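Undergrad: Need a 3D model of the following:
(one chain, ligands or ions: 1)
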Amino acid sequence: MFLPDVFVIIIPWYRNHNHFNLKEFVMSPQALPIVPQSSDDPLVKYAETMLALRAKASPVDDVLVEMEEIAARDNIPIIGHLEGAILHAIIAARRPQPTCILEIGTATGYSAIWMARAVGAACSITSIEIDPERAKRAQHFIKKAGYEDRITVLNGNAFDILPTLDQRFEVIFQDVIKHAFFGESERLALELLDLLLDKLADNGMLLGDNAFCMGEVLHENGGKLPKQVLGIKAYNEAIARHPRLDSVIIPVRDGLWISNKR
Ligand SMILES: C[S@@+](CC[C@H](N)C(=O)[O-])C[C@H]1O[C@@H](n2cnc3c(N)ncnc32)[C@H](O)[C@@H]1O
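TA: Below you'll find the predicted structure:
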């Protein structure tokens, strides 16, 4: 089953509907509530309303809103406002403040901008994007948001670029393991995890999006999972079992992994 690369929120919805049968729900593709940026769940909507009440801190908010509109129009998979604000809160709360952050999967720079506004000017953010057109658009928006001195976009395949980076990072945000990219490959997902852990500083934090793979991690059919979820499932289990990681999935949107490396 091909699903467009858009967002889904299922967890808060089914949590609040006791009669709801999750298994039936995920087994029925047409029932998947695929939503570009948000969900119809009233509690998610309430959380977004509270976000919207925030005093506008800077013109960066206008850039982010513009990027959300373009992402919805052009079907660019960005993390969206709620997860952007969560990423911001997690990174802003870190002490000492991170000085170097790595992102895998820039798209148009939306999540990189959320991270940049969470840290001071002394923090550099390196973000890797395979698609040259997206990398170019990211550079445009990063400049517009005023963070061109803080964020460097590297255009290329993360598997080629990661081994060339001689630095270790205090925070890494992985936003590429999903079925649209290499969801079918357990080997690639685990290889990427190894590369990322190698680049993660001791006591560093690894964040990873799409732990639920649009709900498909639950989509078992006679004991078999759909192919496109194999990569994320292997990645999830490797993270969960890793002896040097303390990890938890925050069940917002498509599931956000937070792992602290001992
Ligand atoms: C979900 S999007 C990233 C969204 C972005 N983090 C945001 O929220 O604004 C994933 C991006 O990863 C890129 N990508 C996929 N495979 C990649 C790879 N092997 N190396 C680098 N980038 C890759 C895709 O082109 C896509 O733009």
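Undergrad: which element is Ile90 on?
TA: Assigned by DSSP states H and E, Ile90 falls within helix 80-92.
Undergrad: Past that helix, which element shows up next along the chain?
TA: Using DSSP H and E, the first helix or strand after helix 80-92 is strand 100-104.
Undergrad: That following strand pairs with which strands?
TA: Strand 100-104 pairs in its sheet with strand 124-129 (parallel), strand 169-174 (parallel), by DSSP bridges.
Undergrad: Quick check: mean pLDDT of that strand?
TA: The average of the pLDDT scores along strand 100-104 is 98.
Undergrad: Switch the strands paired with strand 100-104 over to a markdown table; also include mean pLDDT.
TA: Below are those laid out as a markdown table (pLDDT from 0 to 100):
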| stretch | mean pLDDT |
| --- | --- |
| strand 124-129 | 98 |
| strand 169-174 | 98 |
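Undergrad: hang on, the earlier thing: run the contact check for the helix holding Ile90 versus the ligand.
TA: No. Using CB under 6 Å from any ligand atom, helix 80-92 stays clear of the ligand, with a minimum separation of 7.3 Å. For the C-beta atoms, the positions are set from N, CA and C on the backbone; glycine is no exception.
Undergrad: Alpha carbons of that helix, in CSV - could you do that?
TA: In CSV, the C-alpha atoms belonging to helix 80-92 read as follows (Å, rounded to 0.1, in the frame of the first residue of the first chain):
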residue,chain,number,x,y,z
GLY,A,80,4.6,20.6,11.9
HIS,A,81,4.0,23.2,14.6
LEU,A,82,3.2,21.0,17.6
GLU,A,83,6.2,18.7,17.1
GLY,A,84,8.4,21.7,16.2
ALA,A,85,7.5,23.3,19.5
ILE,A,86,8.2,20.0,21.4
LEU,A,87,11.6,19.7,19.7
HIS,A,88,12.2,23.3,20.7
ALA,A,89,11.2,22.7,24.3
ILE,A,90,13.4,19.6,24.7
ILE,A,91,16.5,21.2,23.2
ALA,A,92,16.1,24.6,25.0
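Undergrad: got the angle for it vs strand 124-129?
TA: Angle between the axes of helix 80-92 and strand 124-129 is 140 degrees (criterion: axes from the mean of the first three to the mean of the last three CA atoms, to 10 degrees).
Undergrad: Tell me which residues are up against helix 80-92.
TA: Identification of contacts with helix 80-92 by CB atoms under 8 Å, 6 or more residues apart in numbering yields 7, 37-38, 44, 47-48, 51, 64, 68, 79, 98, 101, 110-111, 114-115, 117-119, 171, 173, 205, 207, 209, 250, 252-253, 256, 258.
Undergrad: Cross these against strands and list the overlap.
TA: 101, 171, 173, 205, 207, 250, 256, 258 (DSSP state E).
Undergrad: Out of those, which two sit at the greatest distance?
TA: The largest distance within the ones in strands among the contacts of helix 80-92, taken as CB to CB, falls between Ile101 and Ile250 and amounts to 18.4 Å.
Undergrad: And for the spatially most central residue of the chain, nearest residue in space, chain neighbours not counted?
TA: In the chain, the centroid-proximal residue (CA atoms, centre = their mean) is Asp209; its distance is 3.4 Å. Distances taken as CB to CB, 6 or more residues apart in numbering put Asp175 closest to Asp209, at 4.6 Å, once the chain neighbours are dropped.
Undergrad: List the contacts of that neighbour.
TA: Applying CB under 8 Å, 6+ apart, the residues contacting Asp175 are 79, 103-105, 107, 111, 208-210.
Undergrad: Lovely, talk soon.
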